[in-house]
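here's my sequence, what's the structure:
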Amino acid sequence: MAADSAINFRISGQVAEALGRFSEGGLSQSLDAKKMLLLAISDLDRRYLPLVGEVAKALESQGRAARRRQNDIIEPFEKACFEIKRHLNTASIVTRLDENRRAKLIFEIAKKLCQEFQPNGPPDACQKLLDTKTATLDQGQQLLRQTIKDTALQ
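Below is the predicted model:
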C-alpha cells in the first residue's frame with residue numbers, strides 16, 4: 001500500500017446508528033466516521049469537530065489544503081487535525097497541561113491557525129463557537145465552551 005493512499009472503509013450498522021445521532025445534515029455517515037477517526041488519532045474528540053471544521057475551511061480558502069486525491073473532501077479536515085496536533089504537541093513539551101488548560105490551548109491554536117490561514121476572513125470564525133446564543137450544541141460542546149471561557153492560559 002502506498003504511503004499516500006486513501007483509507008476507505010465501510011461502517012457497521014451499529015456505528016452508522018451512533019453517528020446518525022449527531023451527524024450534520026447533508027453529510028454522509030461514512031464521512032462523519034472518517035472525521036471521528038481523524039479526531040481520535042489526533043488526540044481530539046467530538047467536542048472539537050466544529051473547531052477543526054473552521055480550521056479546515058481556513059486552510060481550504062488559502063489553497064493550503066490542496067487535495068492530492070481527486071474528489072477527496074476529507075483531506076482539508078485531515079490536515080487541520082494534524083496541524084492542531086503538531087502545535088499542541090509543541091506546547092505540551094514546554095508545560096504540563098490539565099484537561100481544562102489543554103481545551104483552552106486547543107481553542108487558541110485553532111483561532112491562531114484560522115487567522116493565519118484566512119487573514120481576510122471573518123475575524124471571529126472560531127469565537128462564534130463560544131457564542132451563548134448557539135442552541136444547537138450538545139452537552140459535550142456546551143461543557144467545552146464553558147471550559148474555554150472559564151480557563152486562563154499563562
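
what's the following helix or strand after the helix or strand of the chain with the lowest mean pLDDT?
Least confident helix or strand of the chain, by mean pLDDT, DSSP states H and E, is helix 13-20 with a mean of 72. Going down the chain from helix 13-20, the next helix or strand is helix 29-41, by DSSP states H and E.

so Ala56 sits against Phe82, correct?
No. Contact status for Ala56 versus Phe82: not in contact, 11.0 Å apart, counting by C-beta atoms under 8 Å. The way it works is simple: take the backbone N, C-alpha and C, and place the C-beta from them, glycine included.

contacts only, for Leu143.
When the contact criterion is C-beta atoms under 8 Å, 6 or more residues apart in numbering, the partners of Leu143 are Arg47.

how about the helix or strand containing it: buried residues?
Per DSSP H and E, Leu143 falls inside helix 139-150. Going by neighbour count (16 or more other C-beta atoms under 10 Å), the buried part of helix 139-150 is Gln141, Leu144, Arg145, Thr147, Ile148.

residues touching the first one, list them.
This points to Gln141. Gln141 touches Arg47, Pro50, counting by C-beta under 8 Å, 6+ apart.

in the chain, where is pLDDT below threshold?
1-11, 18-28, 62-72, 121-125, 130-137, 154 (pLDDT under 70).

what about 50?
Applying pLDDT under 50 to the chain picks out residues 1.

all strands for it, in order.
With DSSP state E, there are no strands along the chain.

return the distance of the residue lying closest to Cys81 once chain neighbours are set aside relative to Arg86.
Closest residue in space to Cys81, ignoring its immediate chain neighbours: Ser42 at 4.0 Å, by C-beta to C-beta, 6 or more residues apart in numbering. In this view, Ser42 and Arg86 are 9 Å apart by C-beta to C-beta, to the nearest Å.

what sits against Glu54?
Residues in contact with Glu54, defined by C-beta under 8 Å, 6+ apart, are Ala110, Cys114, Ala125, Cys126, Leu129.

residue contacts, the last one?
For Leu129, the residues meeting the contact criterion (C-beta under 8 Å, 6+ apart) are Pro50, Leu51, Glu54, Arg145.

now swap in the first one and tell me
Neighbour list for Ala110: Tyr48, Leu51, Val52, Glu54, Val55, Ile84, Cys126 [criterion: C-beta under 8 Å, 6+ apart].
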